[in-house]
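Chemist: pasting the structure only:
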């Protein structure tokens, strides 16, 4: 079975600073990878996903993540964060064949300070 | 285009009681999955419904059961509630294309508190 480890439970950062949220996965077969964002009292929203092809994927609001198969990682980065990026971020993995049911990590709380 | 709708938004129940949570999927989606998100944790997969049948199930006891209706909406039932069942219950809908499901859309969840 696949699993996800988010190495940081909380990441504080100042506005306009760069940030990296770390995610490592474990699987013996090919996987799809996702990042979801959850704002307070809301459900999860898909931020970006890796299915195949280019290992660098981008979201419309400036986030990017790179699939690194050798290091089994899918870290999320943003070069300059805004106060509005404060939220909980979840990394998820699903098998590339089958039911595609994602397994989520425990989440990383990104806290952007002014 | 309405997204995933869950009801109620909040619920308080007593230990031992039973609860039913409801989910209407996004228009065009035919598959519904349920997740439990305990405070400070990531969502845990409960089960998935397609064509009114349970397709897959996570590591949850039989006290958790579900149903999918012909219009693709779904219910999650939990019997004999325990304090540990207190959590945010998320419904996610998606479309099955014959090989797998894609494009999970999550609802805002139902916050269940068991006292």
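Modeler: That came through, no problem. Note that the coordinates shown come from a computational prediction; the quantities given were computed from them, not determined experimentally. Numbering: from 1, shown residues only, chains lettered A, B, ... in the order given.
Chemist: Need the residue closest to the centroid of the chain.
Modeler: With no chain named, the answer covers chain A. Nearest residue to the geometric centre of chain A (C-alpha atoms, centre = their mean): residue A:35, 3.4 Å.
Chemist: my bad, the chain I had in mind was chain B
Modeler: Mean-position check on chain B, C-alpha atoms, centre = their mean. Result residue B:34 at 2.9 Å.
Chemist: The chain: strands as residue ranges?
Modeler: Defaulting to chain A. A:3-5, A:10-14, A:19-21, A:24-26, A:31-38, A:44-50, A:56-58, A:64-68, A:73-78, A:87-95, A:103-104, A:108-113 (DSSP state E).
Chemist: ah, I was thinking of chain B
Modeler: Under the criterion DSSP E, strands of chain B are mapped to B:5-7, B:10-13, B:19-24, B:31-37, B:44-50, B:53-57, B:64-68, B:74-78, B:87-96, B:101-106, B:110-114.
Chemist: Chain B contacts on chain A?
Modeler: A:4, A:6, A:36, A:41-46, A:90, A:97-107 (C-beta under 8 Å from any C-beta of the partner chain). Just so you know, the C-beta spots here come from the backbone N, C-alpha and C atoms, and that holds for glycine as well.
Chemist: Is it possible to mark the buried ones in those residues?
Modeler: When those are checked for burial by 16 or more other C-beta atoms under 10 Å in any protein chain shown, the buried set is A:4, A:6, A:36, A:43-44, A:90, A:99-105, A:107.
Chemist: Columns pLDDT on top of the residues you listed, output as JSON lines?
Modeler: Shown next, in JSON lines, are those (pLDDT from 0 to 100):
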{"residue": "A:4", "pLDDT": "93"}
{"residue": "A:6", "pLDDT": "96"}
{"residue": "A:36", "pLDDT": "93"}
{"residue": "A:43", "pLDDT": "85"}
{"residue": "A:44", "pLDDT": "89"}
{"residue": "A:90", "pLDDT": "96"}
{"residue": "A:99", "pLDDT": "64"}
{"residue": "A:100", "pLDDT": "71"}
{"residue": "A:101", "pLDDT": "81"}
{"residue": "A:102", "pLDDT": "86"}
{"residue": "A:103", "pLDDT": "90"}
{"residue": "A:104", "pLDDT": "93"}
{"residue": "A:105", "pLDDT": "95"}
{"residue": "A:107", "pLDDT": "96"}
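Chemist: Throw these into TSV and include distance to residue B:40, thanks.
Modeler: Putting those into TSV (distance: C-beta to C-beta, whole Å) gives the following:
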residue	distance to residue B:40
A:4	16
A:6	12
A:36	16
A:43	17
A:44	15
A:90	12
A:99	27
A:100	26
A:101	22
A:102	19
A:103	17
A:104	13
A:105	12
A:107	8
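Chemist: pLDDT value on the nearest residue to residue B:105 once chain neighbours are set aside, please?
Modeler: Nearest non-adjacent residue to residue B:105, counting by C-beta to C-beta, 6 or more residues apart in numbering or on different chains: residue B:26, 4.7 Å away. At residue B:26, the model reports a pLDDT of 93.
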